[in-house]
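Student: Quick check, what structure comes out for this input:
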Amino acid sequence: MITISEERIFELLGEIPDPEVPVISIVELGIVRSVKIEDEIMIEITPTYSGCPAMNAIEKEIGKKLTEEGIENFSIKTVYSETWTTDWMSDEAKQKLKDYGIAPPGKTEDGDWLETLFKKQVQCPFCNSINTKLTSQFGSTACKSLHYCSECSQPFEHFKCI
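Tutor: Take a look at the predicted model:
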């Protein structure tokens, strides 16, 4: 019989930083979809992109964290449906991105992703100017693009709306 709560598992997983954006956790990013406790602890995770290279590392870190807590009876399942969206990120997580120097995504239902796609203007996380330009559709990871701020002359990444 497992005597740990789903909330406690979420707390533990919330201590695991995203390997590509270490300022936010895998829970804050929305990668951890669900935790269910039945005969074992079942954790569902969803990649930010279908080919996300960090998923193997994330699975290993989840296993390591749970094992360190004495939890051995668990499984991790990667699910692709419903597709991950930046809307699953909290406002606090988006602020952490901005403070880290990455322009956070807007809300997809607000149409921000269309504006970003067509106008290529993203607010600079350093000076808040929108006098920016896209320099590369892909940044250090597929979920980010590279931009340049014409006001403060800073290059920066933008976490794309999906």
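Student: tell me the secondary structure for residue 84?
Tutor: Following DSSP: H, G, I helix; E, B strand; the rest coil, we place residue 84 in the coil state.
Student: The nearest residue to it once chain neighbours are set aside: neighbouring residues, count only.
Tutor: Distance criterion C-beta to C-beta, 6 or more residues apart in numbering; nearest residue to residue 84, sequence neighbours excluded, is residue 46 at 4.6 Å. C-beta here means a position set from N, CA and C on the backbone, and glycine is covered the same way. Using other C-beta atoms under 10 Å, residue 46 has 23 neighbouring residues.
Student: Start the count at 10 instead of 1 going forward.
Tutor: Sure thing, new numbering starts at 10, so read that last one as residue 55.
Student: Quick one, grab the pLDDT at residue 55.
Tutor: Note for residue 55: predicted pLDDT of 95.
Student: got the contact list for it?
Tutor: With contact set as C-beta atoms under 8 Å, 6 or more residues apart in numbering, residue 55 has these partners: 39-40, 42, 87-89, 91-93.
Student: again, but for residue 94
Tutor: 39, 117, 171.
Student: Please list all residues in contact with the second one.
Tutor: Translated: residue 117. Going by C-beta under 8 Å, 6+ apart, residue 117 touches 94-96, 170-171.
Student: Walk me through the domains of this protein.
Tutor: 15-93, 101-168 (automatic domain parsing).
Student: Which one of the contacts of residue 94 is nearest to residue 59?
Tutor: Comparing those against residue 59 with C-beta to C-beta places residue 171 closest, at 10.9 Å.
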